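Asks: any chance you could fold what I've pasted below:
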Amino acid sequence: KKIKYILITNGDSYVGRTLAMYISDQLMKKEGLLSKSHWREVDYESEAILREQMKDRIKSVIFNPFTSNERLINRGKHLINAAVHQRIKRILMYGAWVVIRLPLIQQLLHFWSSMIDNKSVIGLPMTTDTYLTTIDIGDVCDCVAQAALSKKSSIWTYQEGTNDEDDDSDYDTREPFYKSPPPPTAIKRVYELTTTVPMTLDLIAKTLSDAVKADGFDSDIEYAALTDDEVRSYLKFVAGSNKSDIEAHLSTAFPNKESNPKKQQDGLIFSTLKGFKALFITDLDEFKATHDQDDPNWYPSPKILTPFGIEYIIAHFQNARNSAVHIVPSLDVREITGHEPTELAFFFMKNRRQFR
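Replies: Below you'll find the model as predicted:
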């Protein structure tokens with residue numbers, strides 16, 4: 001069969017990069033179905049350039065929108081028009097044929113590790129009565145991969161007499177769009193990927209405290225209701241400062257909180273890079289078998305904390321604060337994957353070594 005491609009936009013963003021790695025890994029596991037991959041720099045403002053990139057046999061387009069609202073609309077239109085012109089059957093957008101909405105991704109809370117380790121505080125732009133929903137990046141990747149790779153995914157249905165094998169049929173792209181093989185139809189247009197338990201600020205601190213204590217941390221994690229500007233300032237230091245500068249900022253931000261003494265970790269070597277803990281080990285497979293933590297490739301880099309990246313994170317908290325009604329968790333992760341989403345408490349427990 002001819003090679004088919006899955007196109008992921010904004011592959012240099014955290015979600016785009018992680019999706020690309022995850023889907024590549026899934027294809028490799030399927031008897032080496034991953035033939036080759038390409039990274040290309042494109043101008044999303046140009047529909048002609050997008051069409052050129054879609055001339056290969058594209059099976060699915062995953063539109064990972066990582067830009068400001070004004071530009072997002074234009075880029076979305078250009079992408080959809082280019083995909084329709086090239087007769088691409090599946091578009092997933094988190095967008096136009098299927099929309100996958102994401103709340104705050106749990107892994108982004110790794111950016112608070114310096115605050116937690118240094119001051120035993122997690123300061124978030126939440127009020128005490130705010131309910132925050134989150135999602136694990138692994139659940140995001142699993143759901144999107146199901147939609148992009150599997151013809152049996154619960155997201156799609158096919159007209160009678162057709163199936164995903166139609167993707168391999170050759171047809172004249174000069175013919176009108178309605179004469180091409182019938183595309184799959186989405187069961188529903190919008191999917192909300194959330195955990196089943198919304199979390200308050202107090203509950204976030206409690207579950208985090210339980211997790212790090214299980215790994216020997218000897219103090220409770222307190223919560224602090226910060227303003228957007230205070231969090232914005234902290235994340236700017238995480239993005240571009242060294243460890244000592246971040247600690248100096250935390251001492252100014254929390255003048256009444258003593259810094260935690262540094263303790264040598266038993267049997268492990270820790271180092272800090274821009275406020276991030278990096279675990280140096282000789283055998284990653286052995287470590288992962290002993291300590292069931294996330295794949296280190298899933299940890300977000302401080303490089304994503306651009307001005308837009310910081311506003312992207314803060315916007316999730318703003319949406320939670322401004323919600324007029326109590327957030328009702330979605331069951332979409334279970335419906336798509338067949339398993340329950342990773343709750344924030346489990347995420348903290350699984351990755352507890354990265355928060356102390």
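
Asks: look up the pLDDT of the closest residue to Y131 other than its chain neighbours for me, please.
Replies: Leaving aside its sequence neighbours, Y131 sits nearest to P198 (Cβ to Cβ, 6 or more residues apart in numbering; 3.9 Å). In this view, the C-beta of every residue, glycine as well, is placed from N, C-alpha and C. Looking at P198, its pLDDT reads 92.

Asks: could you report the neighbour count for P198?
Replies: Neighbourhood size, P198 [other Cβ atoms under 10 Å]: 20.

Asks: and if you look at S60?
Replies: By other Cβ under 10 Å, neighbour count at S60 equals 21.

Asks: quick check: mean pLDDT of the helix or strand it falls within?
Replies: S60 belongs to strand 58-63 when assigned by DSSP states H and E. Across strand 58-63, pLDDT averages out at 74.

Asks: strand partners of that strand, parallel vs antiparallel please.
Replies: Neighbouring strands of strand 58-63 in its sheet, by DSSP bridges, are strand 5-8 (parallel), strand 90-93 (parallel).

Asks: what's the first helix or strand after it?
Replies: Heading C-terminal from strand 58-63 (DSSP H and E), you reach helix 69-85.

Asks: A345 and G216, how far apart?
Replies: 18 Å (Cβ to Cβ, to the nearest Å).

Asks: okay, those two: which has more neighbours?
Replies: A345 (18 against 12).

Asks: the more buried one should be in a helix, yeah?
Replies: Yes - assessed with DSSP: H, G, I helix; E, B strand; the rest coil, A345 lies in a helix.

Asks: which residues touch it?
Replies: Counting by Cβ atoms under 8 Å, 6 or more residues apart in numbering, A345 touches V197, T207, D210, A211.

Asks: now do R321
Replies: Going by Cβ under 8 Å, 6+ apart, R321 touches P125, M126, T127, T130.

Asks: now name the helix or strand holding it.
Replies: Here R321, judged by DSSP H and E, is contained in helix 307-322.

Asks: ok, now R232?
Replies: Using DSSP H and E, R232 falls in helix 228-240.

Asks: what's the angle from that helix to helix 307-322?
Replies: Put simply, helix 228-240 runs at 150 degrees to helix 307-322, going by axes from the mean of the first three to the mean of the last three Cα atoms, to 10 degrees.

Asks: that older thread, give me phi/psi at the residue nearest to Y131?
Replies: P198 adopts backbone torsions of phi -60, psi 150, taken as degrees, to the nearest 10.

Asks: coming back round to it: buried residues, the helix holding R321. List them.
Replies: G309, I310, Y312, I313, I314, H316, F317, A320 (16 or more other Cβ atoms under 10 Å).

Asks: can you pull out the helices in the protein?
Replies: Assigned by DSSP state H, the chain shows helices spanning 14-29, 47-53, 69-85, 113-119, 137-149, 201-213, 228-240, 243-253, 284-290, 307-322, 332-337, 344-350.

Asks: list the contacts of the fourth one.
Replies: With contacts defined as Cβ under 8 Å, 6+ apart, helix 113-119 is touched by 121-123, 208, 212, 221, 234, 238, 243, 246-247, 250, 254, 257, 259-260, 272, 275-277, 354-356.

Asks: and what of the first one?
Replies: Under the contact criterion Cβ under 8 Å, 6+ apart, helix 14-29 has outside partners 6, 8-11, 33-34, 37, 62, 64, 66, 94, 102, 105, 107-108, 137-138, 140-142, 144-145, 148-149, 297-298, 300-301, 304, 309.
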